[in-house]
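> Quick one, what's the 3D model for this:
(2 chains)
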Amino acid sequence: AQKITQTQPGMFVQEKEAVTLDCTYDTSDQSYGLFWYKQPSSGEMIFLIYQGSYDEQNATEGRYSLNFQKARKSANLVISASQLGDSAMYFCAIPKGTGAGSYQLTFGKGTKLSVIP
Amino acid sequence: AAGVIQSPRHLIKEKRETATLKCYPIPRHDTVYWYQQGPGQDPQFLISFYEKMQSDKGSIPDRFSAQQFSDYHSELNMSSLELGDSALYFCASSLVLDYGYTFGSGTRLTVV
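Purely as a prediction, here's the structure:
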């Protein structure tokens, strides 16, 4: 079974500073991927970044980057130059192929990030 | 770019009533997923459809049913609602063999 562990229930960061949100995972799949999503207080689930297990480089998307360490089974999200609008809940998730073309996501418990002005 | 559309955004129902949630996936996405997120919880997978056929089932109560229609939109039907069904319900869509996984804005269901 897939498992995601996010050990930081809450974090604070000063505006314009960088912050790292931790995510470790457990999977028996040889090939897999990892997602990060942002959920602001309004509730929507916003895709941030995806990392494939066989990607040679760490994924980056604007101010978001992944520190992917396959041997340690960790995929930490780095947000650079934090902005007030980054205050939200952040979820790490791993997909499990269930056959018939669908993938079930298993989420971690999330990290609530608060950006301080 | 087109996103996943869910309706309604908010829904208030009484216990034992029935609710129907709708989801319109991104055009050409052929897989639709439903998730339930309780207050302070992470989203839990309920059910998925690939090409209008049920492809996987998670922790979905027997009181809930879902289907995907010929135009690829999906509906989640919930009967005999209980207070514990109060949650945020997400629909997501993806392409086969594509790890892109886009969520709608969710339907917030409150059972009173």
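> other SSEs contacting the worst-scoring helix or strand of chain B on mean pLDDT?
Counting by mean pLDDT, DSSP states H and E, chain B has its least confident helix or strand at strand B:53-57, which shows a mean of 91. Using 3 or more C-beta pairs under 8 Å, 6 or more residues apart in numbering or on different chains; DSSP states H and E as the contact test, the elements touching strand B:53-57 are strand B:44-50. Glycine gets a C-beta too; all of them are placed from N, C-alpha and C.
> chain center to the strand it packs on, what's the gap?
Distance of strand B:44-50 from its chain centroid, counting by C-alpha atoms, centre = their mean, to the nearest Å, is 8 Å.
> And for stretch B:50-57?
13 Å.
> In it, which of the residues would be classed as buried?
Across stretch B:50-57, burial judged by 16 or more other C-beta atoms under 10 Å in any protein chain shown covers B:Tyr50, B:Ser55, B:Asp56.
> The residues you listed into TSV, with extra columns for distance to B:Tyr89?
Below are the buried residues of stretch B:50-57 laid out as TSV (distance: C-beta to C-beta, whole Å):
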residue	distance to B:Tyr89
B:Tyr50	20
B:Ser55	19
B:Asp56	17
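> on that earlier part again, what pairs with the least confident helix or strand of chain B, parallel or antiparallel?
strand B:44-50 (antiparallel) (DSSP bridges).
> The longest strand along chain A: partners in the sheet, and parallel or antiparallel?
When chain A is parsed with DSSP state E, its longest strand is strand A:88-97. Applying DSSP bridges to the sheet, strand A:88-97 is found paired with strand A:33-39 (antiparallel), strand A:103-107 (antiparallel), strand A:111-116 (antiparallel).
> Which one of the buried residues of stretch B:50-57 is nearest to A:Gly97?
Closest approach between these and A:Gly97, by C-beta to C-beta: B:Asp56, at 9.5 Å.
> roughly how far apart are the closest residue to that closest one other than its chain neighbours and B:Tyr33?
Nearest-residue entry for B:Asp56: A:Thr98, 4.0 Å, with adjacent residues in sequence omitted and distances by C-beta to C-beta, 6 or more residues apart in numbering or on different chains. Distance, A:Thr98 to B:Tyr33, using C-beta to C-beta, to the nearest Å: 10 Å.
> Strands of chain B, residue ranges please.
B:5-7, B:10-13, B:19-24, B:31-37, B:44-50, B:53-57, B:64-68, B:74-78, B:87-94, B:102-103, B:107-111.
> and chain A, which residues reach chain B?
Residues of chain A lying near chain B by C-beta under 8 Å from any C-beta of the partner chain: A:33, A:35, A:37, A:43-47, A:50, A:52, A:91, A:95, A:98-110.
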